[in-house]
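J.: Following is a predicted model, sequence given first.
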Amino acid sequence: CLATLIIMLVGDTYTLINYVSFINYLCYGVTIMGLIVLRWKKPKIFRPIKVNLLIPITYLAFWAFLLVFSLYSEPVVCGVGLIIILTGVPVFFLGVYWRNKPKCVNRLIESMTCWGQKLCFVVYPQCGSAEEE
């Protein structure tokens with residue numbers, strides 16, 4: 001989010017749309033690959049919707065062509081898009097992967113979450129832990 005705000009202040013909106021569209025299509029392709037891997041590794045798992053594997057494989061073929069074409073035609077935009085994605089890695093390690101955080105870090109994360117929910121008018125059952133109430 002911070003990287004996007006900086007790019008919006010420095011660049012134009014068209015460039016930001018290009019960054020985000022590359023990121024979106026990259027995520028779509030990775031999601032479809034995950035679907036195929038799960039169908040192959042765990043075929044017995046319950047699926048509410050089951051499609052023929054020809055559809056996701058065809059989608060991946062077109063996706064790969066578009067992604068390679070994007071990387072070839074606009075490598076800087078794709079590189080910045082990848083950098084935007086990678087800015088989330090420290091956030092993941094700080095918020096999710098790091099299990100035994102000090103209480104001050106947990107309070108900071110909870111207050112930022114509550115502030116973000118109030119800012120975006122998100123209704124969530126509680127702000128703070130249930131033990132405090």
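T.: Right, received. Where do you want to start?

J.: and P48, which of the three is it?
T.: coil (DSSP: H, G, I helix; E, B strand; the rest coil).

J.: and it, how many neighbours?
T.: If you count neighbours by other C-beta atoms under 10 Å, P48 ends up with 4. In short, each C-beta sits where N, CA and C put it, glycine included.

J.: next one: the one 4 residues further on
T.: A total of 8 residues lie near N52 under the criterion other C-beta under 10 Å.

J.: again, but for the one 4 residues further on
T.: For P56, the number of neighbouring residues by other C-beta under 10 Å comes to 18.

J.: What count of nearby residues applies to the nearest residue to it once chain neighbours are set aside?
T.: Closest residue in space to P56, ignoring its immediate chain neighbours: I32 at 4.9 Å, by C-beta to C-beta, 6 or more residues apart in numbering. By other C-beta under 10 Å, 16 other residues sit near I32.

J.: So for the strand or helix carrying I32, what gets flagged as buried?
T.: Following DSSP states H and E, one finds I32 within helix 13-41. By 16 or more other C-beta atoms under 10 Å, the buried positions in helix 13-41 come out as 15-16, 18-19, 22-23, 26, 29, 32, 35.

J.: Tell me how far the residue nearest to P56 lies from W98.
T.: From I32 across to W98, the span is 31 Å (C-beta to C-beta, to the nearest Å).

J.: average pLDDT for the helix holding I32?
T.: The average pLDDT within helix 13-41 is 85.

J.: by contact count, what packs against it?
T.: Contacts defined by 3 or more C-beta pairs under 8 Å, 6 or more residues apart in numbering; DSSP states H and E place helix 13-41 against helix 2-10, helix 54-73, helix 75-86.
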